[in-house]
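Novice: kindly generate the corresponding structure for this input.
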Amino acid sequence: MREHNYAVTINWIGNTGEGTASYTAYQRDFIVESPGKAPIPGSADPAFRGNPEFWNPEDMLLASISSCHKLWYLHLCAVNNVRVLEYVDHPVGRMIEGDDQRKGHFKEAELRPQVTISSQSDRDLAMRLHDDAHHECFIANSVNFPIRCRAVIDYQN
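Specialist: Presented below is the predicted three-dimensional model:
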């Protein structure tokens, strides 16, 4: 078994001079940093007093699910002679703030990739490889909510 380790720095930049003196006294903004990589500005979701121009943790989770699926999908297509020419995804996720049994959590996510393949590629195989990508995806294997994939595959004209 191989093990991979990851580390980032989350630097809160939201102290407006009073720290967390009250719920409204501070900003939720932070910077995600890792050596050699571009910083990512983050904040809370605007529903929780966050900056709407910055990435929030929920956005990042959805982006992680989608990008991991895409990377596995492209790999599987490459080794199965399916030539992908374009790939764009518009994933959506649904989070609920919680009830008496469970605190806030993601309820589900849906990937909506639109894939263009070469006219020589097998469309049915290209569609089936989305299921394989889902089972291989490290992020999908790490979350405790369902992730569906509703892919659309077109041929290059």
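Novice: which residues of this structure fall in helices?
Specialist: In the chain, the segments counted as helices under DSSP state H are 57-79, 123-136.
Novice: right, so of these, which gets closest to residue 28?
Specialist: Closest to residue 28 of these, according to Cβ to Cβ: helix 57-79, at 10.2 Å. In this view, the C-beta of every residue, glycine as well, is placed from N, C-alpha and C.
Novice: so that closest one versus helix 123-136, what angle?
Specialist: Going by axes from the mean of the first three to the mean of the last three Cα atoms, to 10 degrees, helix 57-79 is angled at 130 degrees with respect to helix 123-136.
Novice: per-residue pLDDT of the spatially most central residue of the chain, please?
Specialist: Taking Cα atoms, centre = their mean, the centroid of the chain lies closest to residue 63, which sits 2.0 Å from it. Note for residue 63: predicted pLDDT of 98.
Novice: which residues are in contact with it?
Specialist: When contacts are counted by Cβ atoms under 8 Å, 6 or more residues apart in numbering, residue 63 is found next to 55, 91.
Novice: which parts of this protein are strands?
Specialist: With strands called from DSSP state E, the chain shows them at 9-12, 30-33, 40-42, 84-88, 92-98, 103-111, 114-117, 147-149, 152-155.
Novice: can you name every helix or strand that the fifth one contacts?
Specialist: Strand 92-98 is packed against helix 57-79, strand 103-111, with contacts defined by 3 or more Cβ pairs under 8 Å, 6 or more residues apart in numbering; DSSP states H and E.
Novice: so what are the sheet partners of that strand and their directions?
Specialist: Partners of strand 92-98 in the sheet, by DSSP bridges, are strand 103-111 (antiparallel).
Novice: contact partners of the partner strand?
Specialist: 58, 61-62, 65-66, 69, 89, 91-98, 143, 145-151.
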